[in-house]
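Engineer: Generate a structure from the sequence data that follows.
(2 chains)
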Amino acid sequence: MTPAHVHPGPGPGELLIAGTALSLTVAYLAAAERLRRRGDVWPGGRDAAFALGGLGTVWAALGEAWGGPFTQHVVRHLVLGMGAPLLFVTARPLTLALRALAPGPVRRRLPALAHSGVVALLLFPPLAAVLDIGGLWLLYRTELFAATGHRPLLHGVVMVHMAAAGLLFSLAVGQLDPVRRRRGLAVRGTTLLVAGVAHGVLARTLYAQPPPGTGFTPVDLQQGAQWMYYGGDLVEAGLAVLLGVGWYTATGRARARRRRRGPAPAHALPLPPAPVSPSPSPGTRRGSWSYLEFPRKEA
Amino acid sequence: MSTSTPPDTASGSRRRPGRSMAVCALVGAAVMAAVDEIVFHQILGWHHFYDRATTSVGLLSDGLLHTAELLALCAGFFLYADLRRSGSLAAHHAWAGLLVGMGAFQLFDGLVDHKLLRVHQIRYGVDVTPYDWAWNLAGLLLLLTGVALAVRAQRRRTDGEPPG
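Structural biologist: Have a look, this model is predicted:
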């Protein structure tokens, strides 16, 4: 039996991922520091989330995992394509960039990019899910996985796709950053459900049936499949909590608004307001989930 | 499940028995599914992670159930928190809903998953009949208790007693 998936040392794809993650983390921390120096509030939990995501990504690209080759691959995939993206999204990087960048061409282009049609299309949750989970099915249920074993460049491309698609999916479902079209809870929740099912079913079939063209030992395969299944659950629960917190805060704000203004039509339950809105509504209490809310200076 | 939240006057703090019951039924079903998974899959190891005889329909239904359980648990938690926050939780209806949800899920799992789709069995290598009877009767008992509590809660409400 030939080990189909040996890591011969970091290839160009791995180095690209690790380098990008590291520089983005440094940039994030510097930007947050800049905000704080000028007296803005930027919760420290977000810094921690982004830094943890960055370190996780670097480890997944360069580090050594445990277990057989398939288990190793699965653990990397969990960190790179699911765990780290969730942490990145929780840290609201785009919001930070918009607030920290000095006026200039870059500052002007960023919202234009975030609001462009292509980005809006990519951030349509079902499409993001197809790109992410569909790619995973393609990887494990075609000869692609076996091919990545002896082609380092292809392996790198697969890893980059995994990281990018995972980030896209988390961005589309979490939707904490200001983007052009904010999708409702129903479409994001349903997408999360369907994606979760597709991920879980794939993990279960891998338990008994290896990717074609590979020769992993049954123990390795079973261990990897269970890591994929339960690790996927964990990340999915994290995304669900993100959606729940968003709904809970938005409902509370809407109710507080109604109370101030008197009864309003009940059907107008809004989405969470775009976090770029510069004027925080006065008198809104900061809850215990405040690190996920729009940060505002204490009066 | 007493409501300590002060009633909010402006938006009308009417208790919402229907919503309380529905939300808690959702939580109940999800909790039962989670208990089933944790106790029988993880602790006892009676169910199998993947029983190779499983059909693809069964695999899909099991996956759907598992993911839906996770999301329902999370959604139910936030919906319940919102009911409490707005002071519209009706406690008697909530308890009734919880039991109805638990019983309904248990019966659904016992009848549809185990018998109709044959996704997995309760235990392998033994005569499964007594287990099936225990499983389904327990579900039925939970469901009936929940329905009785719901009837009682509704009667109290229409009799003009203070609800909750």
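Engineer: Most remote residue from the middle of chain A, which is it?
Structural biologist: Here the centre of chain A is the reference, and by C-alpha atoms, centre = their mean the most remote residue is residue A:262, at 38.7 Å.
Engineer: name the element the nearest residue to residue B:18 once chain neighbours are set aside belongs to?
Structural biologist: Leaving aside its chain neighbours, residue B:18 sits nearest to residue B:93 (7.6 Å; criterion: C-beta to C-beta, 6 or more residues apart in numbering or on different chains). In short, each C-beta sits where N, CA and C put it, glycine included. Assigned by DSSP states H and E, residue B:93 belongs to helix B:91-108.
Engineer: tell me the contacts of residue A:100?
Structural biologist: A:31-32, A:34-35 (C-beta atoms under 8 Å, 6 or more residues apart in numbering or on different chains).
Engineer: and the closest residue in space to it that isn't next to it in sequence, helix, strand or coil?
Structural biologist: Using C-beta to C-beta, 6+ apart and skipping residues adjacent in sequence, the residue nearest residue A:100 is residue A:31, 3.7 Å away. When classified by DSSP: H, G, I helix; E, B strand; the rest coil, residue A:31 comes out as helix.
Engineer: Enumerate every residue touching residue A:31.
Structural biologist: A:96-97, A:100-101.
Engineer: thinking again about what came up before, and the helix holding residue B:93, what's buried?
Structural biologist: Within helix B:91-108, the residues that count as buried by 16 or more other C-beta atoms under 10 Å in any protein chain shown are B:91-108.
Engineer: Run the chain-centre distance for the lengthiest helix in chain A.
Structural biologist: Ranked by residue count under DSSP state H, the longest helix found in chain A is helix A:218-261. The chain centroid and the centroid of helix A:218-261 are separated by 12 Å, computed with C-alpha atoms, centre = their mean, to the nearest Å.
Engineer: anything in it near chain B?
Structural biologist: Yes: Helix A:218-261 is in contact with chain B by C-beta under 8 Å from any C-beta of the partner chain, via A:222, A:225-226, A:229, A:233, A:236-237, A:240-241, A:243-245, A:247-248, A:251-252, A:255, A:258-259.
Engineer: are any of the residues you listed buried, and which?
Structural biologist: A:222, A:225-226, A:229, A:233, A:236, A:240-241, A:243-245, A:247-248, A:251-252, A:255, A:258.
Engineer: Residue nearest the middle of chain B, spatially speaking?
Structural biologist: Centre-nearest of chain B using C-alpha atoms, centre = their mean is residue B:29, 2.0 Å out.
Engineer: now that residue, what's its secondary structure?
Structural biologist: Recorded secondary structure, residue B:29: helix (three-state DSSP).
Engineer: and if you look at residue B:15?
Structural biologist: Residue B:15 ends up coil, using three-state DSSP.
Engineer: Distance check, it against residue B:93.
Structural biologist: 8 Å (C-beta to C-beta, to the nearest Å).
Engineer: wait, what's in contact with residue A:238?
Structural biologist: residue A:86.
Engineer: now swap in the one 5 residues further on and tell me
Structural biologist: Each residue near residue A:243 by C-beta under 8 Å, 6+ apart is listed here: A:173-174, A:185, A:188-189, A:192, B:74.
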